[in-house]
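In: task: produce atomic coordinates for the following.
(one chain, ligands or ions: 1)
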Amino acid sequence: MAKVIDGKQIASNLNQQTAMRTQTLINRGITPGLAVVLVGDDPASVIYTRNKSRQANRLGFYSVLKKYPAEVSEATLLGEIQKLNDDPQIHGILVQSPLPAHIPESRVIEAIAPQKDVDGFNPVNVGKLYTNDQTNYPVACTPRGIMTMLETMDIDVTGAEVAIIGRSHLVGKPLQSLMMNHDATVTILHHASQDANYYLKHADIVVVAVGKPQFLKANQVKPGAVVIDVGINRKPNGHLVGDVDYDDVSSVASAITPVPGGVGPMTIATLMQQTVDLAEWSTNND
Ligand SMILES: Nc1nc(=O)c2c([nH]1)NC[C@@H]1CN(c3ccc(C(=O)N[C@@H](CCC(=O)O)C(=O)O)cc3)C=[N+]21
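Out: Below is the predicted model of the structure:
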């Protein structure tokens, strides 16, 4: 049976560190500031942004939640981003995705100052990750959280064969870069991949981020592999399931992340960690 990777516990430990770093900054006269921008009233987004603001408050941050109706114009939204860019009390800006169809996500992300881009989605930061730049810059929180989990569990990615299912800008691609920067051999698989199972069967670490409930089955996984489930799918009965058939895959994997309580809490904890990173880095540039 697979060892359960307790994302909730690892996130809680990370949050404790973040709270201590926050106090140290506050003692130096700097309160980490996080701005979350929410457009529209998608129920999941409302809950997630509320949770993020709450967590930020709990850690002692200065936290603001800016809400806009779904009909907001692109110009108004860009004006808000500009204000937050210019606000010295704000160190991290996050625009909750998805945005309504009439607002191009890329233009909003490009408007966020790279040094305040707590999601690591701005092309300047994506480019630094891609080129394995050795200076300080933010990276996508879910992939960074996954790397933290693996490190905490003493799972070495150096030389490992890694298969990532899903090629999104939020998870698959930045995780591929992070893993390659740590000397893993990485294959990204997606819906047009011809022989996904060939790569999966060779993988020491499998990461699934496709948004399909219980998509990955035991017979696709090499015995002893580590399985990371990024999926969050809500069943009609309200229960959450991941992209991995947990009970099935647990019987062959050596370690596995649960849903809920795996990658999700790590994403939020990493967002908080990275807000403090940005606040610290901002003081080094003065
Ligand atoms: N700009 C932006 N940045 C994001 O990081 C971002 C985003 N937009 N849009 C939506 C996705 C989704 N996301 C989640 C984070 C934590 C949980 C989480 O904590 N999940 C809990 C369960 C929560 C529940 O019960 O619903 C768990 O897995 O244990 C889930 C989903 C961040 N996202």
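
In: please make it C-alpha for all contacts and neighbour counts, starting now.
Out: Noted.

In: report the separation between H239 and I232.
Out: 10 Å (Cα to Cα, to the nearest Å).

In: tell me which residues in stretch 204-214 are buried?
Out: Residues of stretch 204-214 classed as buried by neighbour count (16 or more other Cα atoms under 10 Å): 204-211, 213-214.

In: ok, and which of these reach the ligand?
Out: Restricting the buried residues of stretch 204-214 to those within reach of the ligand (Cα under 6 Å from any ligand atom) leaves nothing.

In: more neighbours: which of H239 and I232?
Out: I232 (20 against 11; other Cα atoms under 10 Å).

In: ok, and the closest non-adjacent residue to the more buried one?
Out: G242 (5.1 Å; Cα to Cα, 6 or more residues apart in numbering).

In: can I get the buried residues of stretch 204-214 in TSV with secondary structure?
Out: TSV is the format used below for the buried residues of stretch 204-214 (DSSP: H, G, I helix; E, B strand; the rest coil):
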residue	secondary structure
D204	coil
I205	strand
V206	strand
V207	strand
V208	strand
A209	coil
V210	coil
G211	coil
P213	coil
Q214	coil
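
In: for D87, state which of the residues you listed is nearest.
Out: A209 (34.8 Å; Cα to Cα).

In: surely the closest one and I165 touch.
Out: Yes: using Cα atoms under 8 Å, A209 is in contact with I165, at 5.9 Å.

In: shared neighbours, those two?
Out: Counting by Cα atoms under 8 Å, 6 or more residues apart in numbering, the residues touching both A209 and I165 are G172.

In: rewinding a little: out of the buried residues of stretch 204-214, who's nearest A225?
Out: Nearest to A225 among those, with distances taken as Cα to Cα, is D204, at 4.7 Å.

In: OK, contacts around V186?
Out: 161-164, 176, 179-180.

In: returning to what we had before: what count of nearby residues applies to the residue nearest to I232?
Out: 28.

In: which ones are touching it?
Out: G242 touches 211-214, 229-233, 258-260, counting by Cα under 8 Å, 6+ apart.

In: the same query, at a cut-off of 6 Å, please.
Out: 213-214, 231-233, 259 (Cα atoms under 6 Å, 6 or more residues apart in numbering).

In: care to break this structure down by domain?
Out: According to automatic domain parsing, the chain comprises the domains 29-113, 141-264.

In: single out the most deeply packed of those.
Out: Compared across those, domain 141-264 shows the largest average neighbour count, a mean of 19 (mean count of other Cα atoms under 10 Å).

In: OK, contacts around T158?
Out: T158 neighbours (Cα under 6 Å, 6+ apart): 182-184.

In: equivalent analysis for E151, please.
Out: E151 touches nothing, counting by Cα under 6 Å, 6+ apart.

In: any residues of the stretch 1-150 of the chain in contact with the ligand? List them.
Out: 94-97, 119.

In: chain center to the helix or strand hosting Y198: distance?
Out: In this structure, Y198 sits in helix 196-202 according to DSSP states H and E. Here the centre of helix 196-202 is set off from its chain's centre by 25 Å, with Cα atoms, centre = their mean, to the nearest Å.

In: how many neighbouring residues does whichever residue of the stretch 101-250 of the chain sits closest to the ligand have?
Out: Closest approach of the stretch 101-250 of the chain to the ligand (Cα to the nearest ligand atom) occurs at D119, with a separation of 5.9 Å. D119 has 24 neighbouring residues, counting by other Cα under 10 Å.

In: circling back: for the helix holding Y198, which outside residues touch it?
Out: By Cα under 6 Å, 6+ apart, helix 196-202 touches 220-222.

In: the helix or strand encompassing A75: what's the following helix or strand?
Out: According to DSSP H and E, A75 maps onto helix 74-86. Next along the chain after helix 74-86, taking DSSP H and E as the criterion, comes strand 92-95.

In: next one: the very next helix or strand once past that following strand to chain centre, how far?
Out: Downstream of strand 92-95, the first helix or strand assigned by DSSP H and E is helix 105-111. Once both centres are worked out by Cα atoms, centre = their mean, helix 105-111 turns out to sit 18 Å from its chain's centre.

In: just checking, what packs against helix 105-111?
Out: Applying 3 or more Cα pairs under 6 Å, 6 or more residues apart in numbering; DSSP states H and E, one finds that helix 105-111 makes contact with no other helix or strand.

In: okay, helices next: where are they in the stretch 151-286 of the chain?
Out: With helices called from DSSP state H, counting those that start in this stretch, the stretch 151-286 of the chain shows them at 172-181, 196-202, 246-250, 263-284.
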